[in-house]
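*Asks:* can you look at this prediction? I've put the sequence above it.
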Amino acid sequence: MSLLMRTGERPHEVFDALVERGEIIVHPTEVERLEALSNADGLIVADTREQVAALNAAIRDRRLDDSRPADRRVFRTAAAI
């Protein structure tokens, strides 16, 4: 699969294999995707600054709802590429 990804050959097969392995998760709606990402651990990369802003707001809101102390460093986990 690594070779197929590098060459760009048969992208549909690569995509299907990554979905089957759980490497890619397709969410039915933007709201569900944002919810899942706001609960994720680790580094999150977004395509646009608008997506980063929405994700950071969702993370902040979740943390406030969970009564966790605010940590501004968390809001920098999303980055636009």
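*Replies:* Alright, I've got the coordinates. Numbering: from 1, shown residues only.

*Asks:* and residue 62, helix, strand or coil?
*Replies:* Here residue 62 is recorded as helix under DSSP: H, G, I helix; E, B strand; the rest coil.

*Asks:* now do the same contact list for the closest residue to it other than its chain neighbours.
*Replies:* Spatial nearest neighbour of residue 62, chain neighbours left out: residue 38 (5.0 Å); criterion: Cβ to Cβ, 6 or more residues apart in numbering. Every residue, glycine included, has its C-beta placed from N, CA and C. The contact partners of residue 38, by Cβ atoms under 8 Å, 6 or more residues apart in numbering, come to 55, 58, 59, 61, 62.

*Asks:* out of those, which is nearest to residue 43?
*Replies:* residue 55 (11.9 Å; Cβ to Cβ).

*Asks:* going along the chain, name the helices of the chain.
*Replies:* For the chain, the helices defined by DSSP state H cover 2-7, 11-20, 30-38, 49-65.

*Asks:* now render those as CSV, adding mean pLDDT.
*Replies:* Output for the helices of the chain, formatted as CSV (pLDDT from 0 to 100):
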stretch, mean pLDDT
helix 2-7, 90
helix 11-20, 94
helix 30-38, 91
helix 49-65, 88
